[in-house]
Every structure is written in structure tokens, then in C-alpha cells.
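Undergrad: Output the structure for:
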Amino acid sequence: MGKNCCGEIPVGTQAILLALAVLIGCEQPPHQQSALEHPAERQALALMLDGMERFAASDVEEAIVCFSKAIEKNPEEPTGYFYRALAFRRQEKFDEAVKDFQQALAKGLPQPWQSQAYLLQGDCLHRLDRWEEALRIYTQALEQCRELYPIYKARGRLLLEKGLAWEAQEDFTQLIQAQPQQTEGYLQRALARMELGELDLALEDASRALNLDSESAEAFHIRGQIFYRMNKLDSAVRDFGMAIRLRIRQGASYNPHLADSYYQRGLVYQAMGDSISATADFRAAVASNPEHAEALAALAAIRQQGLTSPAGKPSELEEKPEKHSPKPLPPETPSPPTSEKLAPNIGPPPTDASKDKLPPLPEKTDSAVTKTIVQLTEQLRLAPNDPRLWNRRALLYFQTGMFAEAAADFSEALRLKPDYPEARTNRAVAMEKLGRLSEAVADWSEVLRRNPRSAQAFFHRGRLLAAQGKLQEALADLQEACRLQPQWVLPHCQRGDLLAQMERFNEALDAYSEAIRLGPATAWAYRGRGKLYIKTGKLSEAIADLGEAIRLESQNPENYLARAAAYQAQGDYVRAGADLAEAKRLHAAQPSAGPPTPPASPPSDTPATSPLSPDTPPTSPTSPSHQPVSPEPKKPSHDAP
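TA: Have a look, this model is predicted:
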């Protein structure tokens, strides 16, 4: 096959001319060229041309009528099925489109339509959530022609969405080899490598894309996500700032891509402990996309936590509707040390999800969140079989602390679409909040069954297994998370806690020290190592580490309690008393009276400030998903660009 096997979909006049060339026999064997001598074939040609003119004029319904009549006149001509499939696809009648693409291919559709039929049939199957069939179609096409580079791109995106990042990386490499001067292959491969934890290689790909196109907002956005995961927060802020400036030039009042960049930068500011800048960016995200669910949830969480604006007043959440936005890729959420966790609060089992009834919301629920929940409930009444609507409402229930209702909605989303990774990982988080750890572990295990290279899933399952007392299994999971994503700080911290609990002190010390090397602004690692030094009698080292933890996270009473223990062991009861008093004051000032519960974050493969991950439209690849906040607030880092 020649280069035209990779051609794009012909439209308008070009489509008509190409179809005419086939229909009048220019690309057919001589024995078929006589077909137009029969009146029926000539009538079919006229109907085809009429249909394509109507299709080009967006009169899709009439175009389908013309194509159907042409097929009746000449049922063995494959191009009639092909163009009717295009019209069905335009109407989002994907089942009908798939059947017509299949008919066109079975009847010997020639190039360049053949490659496009494979590509678009796979796309329709993807939209129908029949992704395994879509993969088979893409693979079948590539077996016939290894130069179908658009199919490498489509298959790679689908593989990435389904968590098969290693295989996706191979497809994007093929795309790069064929089109080394195009940025898309590098950016898609950067996302795959980020999913695999190969952050240095991902950074190389994103930087290569920027060398090819220094005005690529998407490249700056993706590189910002990589810097965020590498804990290079200053560099992340710069890249997201460039993405924002470039996207502002587009000038549209509704700009979901701009909203994503604001939201991502807000996450970085939040990780740096700059709540004022974070709040401003979350607000800007909502202004650019009033339906940005994650930004709305982040603002609601900030308000509920009592964070204040520069004027000292609680920040106001704008009353905007909620929806979802494409997934971002910050660092994953943490959870506090296993040794510090208390037994989880056992909540009621998940309630049955309801599309009509709205349960009573907590009194302090923000008005914008309430409004969005009401809107989603109405949408569910009209479209009860849309799993994304159930997932979106569940996100808002989770943010209001209604974990049973959230779990019920996530479960309904999974009933409608069992292969829905966001809903599954989100349900795992909700189950953890309800104290249903075995069910949360089961969900993480299912994530790993579908994506055995998910470092986030190993991390979350490992810490839950540790909470259940299954220490050896937990250690195996945490070690695998460290192996898959060696630059991710949190698994090293959690592994240090677990090894300390198992009294394997030298290994625990190595784990904490590695976490500090990777993330020198991670208070959790300093606190864990400081406690370990207390156990081993190195009190001066313990006080130094715990002092650094306090400097990084001055509002966490756990840091003062640990240092008080070190001072007491040293015989310095004055300083120990002062630290105990400060810990008591901070604990009393916290919004919840009880001891902190482990912050759960959704998994897999992107992080966020809310523990729950967003939806991703079925037509676009998901990148590593779930966006957690690190267990310890980070101070601004001063990394090199």
C-alpha cells in the first residue's frame, strides 16, 4: 500500500471527486468499469453525488436517504455504505455506523477509504465503550498495512486510556518515527511515560515537543504536570503560567483547556502552601469553564477547611454548575503514616443510588455545590443510563462528606459501565472513608488486574493492607509502587512507616532518607525519620528532623508531639512541655475534634486536590489519572528550570 493508505477523511468537494473516481471506474479493474453502462448503476452514482453534496452542506438526514437509495440500486458498491456510515457517525448513531463500515470493508472498499473505515469503525466502537473490539479493529488494520500511522495514534490513545501505558508508549514511538517533526507523538508518549513513572523520559519528550513548537500550550501544560510529579514546583508554576498565557490568546470566554491549566497551577500552589494563589486559580478555572467539577470541588474544600482570603474573610465559592473536565496529571495523594492511623470510623453501608430523590445535604454545604447536585439529579432523571452523570454527582457527594451516597452513585456508574476506571478508583476511596477496607482493597485489586503497572494502585492497596494488619502483603505492594515510579515520594514514606512498624529500622531509615532526597520539602519523611531516631536513641538527629518537619508544616500537631517525645527522652522537660502545649492548641483549632483520618486519594494515575478523579470523555485518551494532595504541605521549591 502506498502513502495514501494513511490519508485523512475526504470531505466536501474532495470527497465527491474521490468517490466519483471510484464509482466511474478509474480505480477499478477493467471488468468492473462497465458497471456504469447499466441504468441502475448510473442512478446509484447520481444518488451518491447528491448525498455527498447534502452531507457537505450538513443536511445529514437527507444525505442518509440518498445513500440508502444508492445502496438499493447497487448493493455491491462499498462506497455507499462507507459514506452512509460517515453520516450515521455525524448523527452519533454509532451502532449503525459500525455496521455500515463493516459492510463497506466486506465488499472490498479500496484505499484510501479502507484505512479510514478501519480508523472510524474503531472510533465508533470506542464511543460505544466496546474498546476491546476497537483494539481488534485497529490491530487488524495495522496487520494489513504497517504504515497506517493515524491508527497507531488512535490505538495508542485507547491503550493509554485503559491503563496499558507500556503498549501505548510503543504505538506513540511508531508515530514519532514516522513523523519526527510533529509534536503530537512526543506529547502522547510523554503522557504514557508519566503513567509508567518514567518522569525523566517524559520530560525529554515534552521538552522535545517544545523545541519543535515553542508556542504549544499543550506542551507547556504537560511539562508542567511532569514537573509537578517531580516535585519541581517552581518549574511547574512557570510552565502552567506559559500554558495559561498562550491559551488566553484564544480569546474565548468558555475555554475548558484554559480552565485545566488554571486548575493544575492551583494544585501546585496548594502543594506549595500558597492557599491564596491556589484559590485565585481555582476561581479562574471556574470562570473559564463554569462546569469544571474539580475546580468547584477544590473551592468547596477550601471553604470547608476555613482557609481565608487576603482580607481575612472566608473565600466565597461562586454559584456555578458542575461537570467534568479532562484529567490532569499532578502528584498523587498521600496518606499519613500507617503507624499513626487509628481504626477507621465504620460508617453505614452505601445507600441505593437514586436518580430522582435528593438526600438531605449537610447544613454547611456550599450553595454552588448544592445547585450543581440538584442540576445533576435532574439530568439523571432524564438520562439515568449515563454513567458519567452518576460519577459526577458522586464527586460532589464526596466533597460534602456524604460518603455512603457517593459510594452508591459510583456503584451505579460501574453497574452501567463495568470498565470505568475513574468510577472504580473513586469508589475505592469512598469505601475507605466508610471504613469498608476490604471492599476498597477489592476495587484497587481490580484496577491492578486491568493495569498491572499502576504504581498508584499498588500504593493505595498497600497502605490499606497495612491498615488491615497484612504487613507482608502491604510491603510487597509498596515496594512494587517504588519500583514502578521510583521518583514518587509517598510510597517511600509509607514504606518507611511500615518497616518501622515491623522493627526493620535500618531499612526504614533508608526509605525515609530516599524520600527526603526525592522530596526535600516533604514533612512526612522528616517526621517519620525523626520518630525512628527516637526509637534508636539518636535524639539530636531526631530533634533536627522534627524541627524541619515543623518548619515545613507548622500547623500539624503531630510534629510537635513527636518533638516533645524527643525532648522528654533528652530530659528537657521545659521544651517538651512547650511543644505539648502547642500540639494541644493546634489540635483544638482543627475543624474536626477527633484524630485525623487517613486522607484517601483516588488512584491510578493522576493526582488532584480532591480525592476523587474526574471523568474523561470517551473520545479522548486519559492520561494518568487522579490527583491527590501530598500528605504534607510543601513549601515553595527553588528548582532549576
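Undergrad: Which residue ranges make up each domain of this structure?
TA: What automatic domain parsing lists as the domains of the chain is 1-147, 215-325, 347-434.
Undergrad: could I get those as a markdown table with distance to residue 456?
TA: All C-beta spots, glycine's among them, are computed from the backbone N, C-alpha and C. Shown next, in a markdown table, are the domains of the chain (distance: least, CB to CB, whole Å):
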| stretch | distance to residue 456 |
| --- | --- |
| domain 1-147 | 21 |
| domain 215-325 | 11 |
| domain 347-434 | 8 |
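Undergrad: For residue 455, which of these is the nearest?
TA: Residue 455 lies closest to domain 215-325 among those, at 10.8 Å (CB to CB).
Undergrad: pLDDT averaged over the helix or strand harbouring residue 389, what's the number?
TA: Using DSSP states H and E, residue 389 falls within helix 387-399. Mean per-residue pLDDT for helix 387-399: 87.
Undergrad: if we can go back for a sec, export the domains of the chain to TSV and tack on distance to residue 553 and mean neighbour count?
TA: Compiled in TSV, the domains of the chain are given as follows (distance: least, CB to CB, whole Å; neighbours: other CB atoms under 10 Å):
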stretch	distance to residue 553	mean neighbour count
domain 1-147	43	18
domain 215-325	9	21
domain 347-434	23	21
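Undergrad: between those, which gets nearest to residue 483?
TA: Of all the domains of the chain, domain 215-325 comes closest under CB to CB, at 16.4 Å.
Undergrad: Just give me how far that closest one sits from the chain centre.
TA: 15 Å (CA atoms, centre = their mean, to the nearest Å).
Undergrad: Adjust the sequence numbering to begin at 7 for everything that follows.
TA: Sure, I'll start counting at 7 from here, so that last one is domain 221-331.
Undergrad: still on that earlier bit, which helices and strands does the helix holding residue 395 pack with?
TA: Helices and strands touching helix 393-405, by 3 or more CB pairs under 8 Å, 6 or more residues apart in numbering; DSSP states H and E, are helix 299-310, helix 373-388, helix 409-422, helix 427-439.
Undergrad: May I have the second one as CSV, with CA atoms only?
TA: Extracted as CSV, the C-alpha positions of helix 373-388 are listed here (Å, rounded to 0.1, in the frame of the first residue of the first chain):
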residue,chain,number,x,y,z
SER,A,373,-24.6,26.9,47.6
ALA,A,374,-22.7,26.3,44.4
VAL,A,375,-22.3,22.6,45.2
THR,A,376,-25.9,22.3,46.2
LYS,A,377,-27.0,23.9,43.0
THR,A,378,-24.8,21.5,41.0
ILE,A,379,-26.1,18.4,42.8
VAL,A,380,-29.7,19.5,42.1
GLN,A,381,-28.8,20.0,38.4
LEU,A,382,-27.1,16.6,38.1
THR,A,383,-30.1,14.9,39.8
GLU,A,384,-32.4,16.5,37.2
GLN,A,385,-30.1,15.3,34.4
LEU,A,386,-30.1,11.8,35.8
ARG,A,387,-33.9,11.8,35.8
LEU,A,388,-33.7,12.5,32.1
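Undergrad: between that helix and helix 299-310, how big is the angle?
TA: 140 degrees (axes from the mean of the first three to the mean of the last three CA atoms, to 10 degrees).
Undergrad: list the helices and strands helix 373-388 packs on?
TA: helix 299-310, helix 393-405.
Undergrad: So which of those helices is nearest residue 71?
TA: The nearest among the helices and strands packed on helix 373-388, by CB to CB, is helix 393-405 at 32.8 Å.
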